[in-house]
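Asker: Structure here, sequence nowhere to be found:
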Ligand SMILES: O=C(CO)[C@@H](O)[C@@H](O)COP(=O)(O)O
């Protein structure tokens, strides 16, 4: 696929998405979800079979749209990509999610400390907070240990998320991946995942964590997803 094959409006969408994704990356250090160059955000380009993701290893300081790259759904840079930049290490995982979850418009990966600590002990985060029921519709699930380099991380994300309501998955020994209808929704899920991971950890230090009954989780999630906020 070449950028030159896109229509003028599609090319405009590419540039707009690059700007959006660059701005979303700034939220990761702002919410203390990443250190140094860890983490990445991607978002589909509307009206195309493409997505934008950050270039690998780019510092967050001074990150801008020029540091974003455009890939097809196989995770390949466009043939006429002139950036000279290598895509994120997690591009294959993001691409796999986009190929197998058409409802997903944005993907985020962080190594946020509390969520990653739960991933390190190999436990899902139990749905013990109304905020978890609101945002995640239940426990935050644990995904398999998968090593970067092929589709195994992406496959682990999809196979785990397909079986639950959660927009977040804790990939074992690695860290959280989150999805959303767009990049901002996926970033929100990453922020909320770290927040509830921390609170659930604190709860564990105080005593036995009490899980919310499933029927109440459903009622809370339905309200939050359909009533909360301004309409
Ligand atoms: O977690 C991984 C790879 O899975 C990190 O390298 C990742 O957070 C950051 O990599 P990139 O800078 O996006 O290539």
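Answerer: Structure received. Small disclaimer: the values here were computed from a predicted structure and weren't measured.

Asker: From residue 97, how far out is the residue nearest the centre of the chain?
Answerer: By Cα atoms, centre = their mean, the chain has its centre lying nearest to residue 108, at 2.3 Å. Residue 108 sits 11 Å away from residue 97, going by Cβ to Cβ, to the nearest Å. Yep, even glycine has a C-beta here, placed from its N, CA and C like the rest.

Asker: go on, residue 30?
Answerer: Residue 30 sits at a distance of 24 Å from residue 97 (criterion: Cβ to Cβ).

Asker: So what does the residue located most distally from the centre of the chain look like in phi/psi?
Answerer: What lies farthest from the middle of the chain is residue 207; by Cα atoms, centre = their mean that is 30.7 Å. Per-residue torsions, residue 207: phi 160, psi -160 (degrees, to the nearest 10).

Asker: and if you look at residue 5?
Answerer: Dihedral angles (degrees, to the nearest 10) for residue 5: phi -80, psi -10.

Asker: where exactly do the helices run in this structure?
Answerer: 8-30, 91-100, 113-121, 130-136, 152-161, 183-206, 214-226 (DSSP state H).

Asker: surely residue 33 meets residue 39?
Answerer: Yes: contact criterion Cβ atoms under 8 Å: residue 33 and residue 39 qualify, at 6.4 Å.

Asker: joint contacts of these two?
Answerer: residue 110 (Cβ atoms under 8 Å, 6 or more residues apart in numbering).

Asker: got the residues of this structure near the ligand?
Answerer: Contacts of the chain with the ligand, taken as Cβ under 6 Å from any ligand atom, map to 37-40, 54, 56-57, 88-90, 109, 111, 148.

Asker: can those go into a markdown table with extra columns for neighbour count and pLDDT?
Answerer: Conversion of those to a markdown table gives the following (neighbours: other Cβ atoms under 10 Å; pLDDT from 0 to 100):
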| residue | neighbour count | pLDDT |
| --- | --- | --- |
| 37 | 17 | 98 |
| 38 | 18 | 98 |
| 39 | 23 | 98 |
| 40 | 26 | 98 |
| 54 | 27 | 98 |
| 56 | 15 | 98 |
| 57 | 12 | 98 |
| 88 | 25 | 98 |
| 89 | 16 | 97 |
| 90 | 22 | 98 |
| 109 | 29 | 98 |
| 111 | 16 | 98 |
| 148 | 11 | 92 |
